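**Student:** Curious how this folds, go ahead:
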Amino acid sequence: MAEVDKVSKNSDATSRIKELRLAALADEDGTKLRNYLNA
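**Tutor:** You can find the predicted model right below:
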């Protein structure tokens, strides 16, 4: 049972990292877009 808990915690962490990465990329794109529009 402990193995299953480990796996689910691990996948939670993995999806969290993916979410953060996507958020960072979206933020970067948003900044580029704002800079482009403000230029």
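
**Student:** Poorly predicted segments of this structure, please.
**Tutor:** Low-confidence segments of the chain (pLDDT under 70): 1-2, 4-5, 7.

**Student:** Where do the helices of it begin and end?
**Tutor:** For the chain, the helices defined by DSSP state H occupy 2-38.

**Student:** Pull the number of nearby residues for residue 36.
**Tutor:** Neighbour count of residue 36, defined by other Cβ atoms under 10 Å: 8. To be clear about C-beta, it is placed using only N, CA and C from the backbone, and glycine gets the same treatment.

**Student:** Over to residue 38?
**Tutor:** Residues contacting residue 38 under the criterion other Cβ under 10 Å number 6.

**Student:** For it, give its distance to residue 32.
**Tutor:** 11 Å (Cβ to Cβ, to the nearest Å).

**Student:** can you check residue 18 too?
**Tutor:** 21 Å.

**Student:** same question, residue 3
**Tutor:** Distance from residue 3 to residue 32, by Cβ to Cβ: 43 Å.

**Student:** Looking at these two, which one has more neighbours?
**Tutor:** Neighbours per residue (other Cβ under 10 Å) separate residue 3 from residue 32, with residue 32 holding more: 10 against 7.

**Student:** what residues are up against that one?
**Tutor:** Listed by Cβ atoms under 8 Å, 6 or more residues apart in numbering, the contact set of residue 32 is empty.

**Student:** Could you shift the numbering so residue one becomes 17, and keep it that way?
**Tutor:** Sounds good: first residue 17 from here, last item residue 48.
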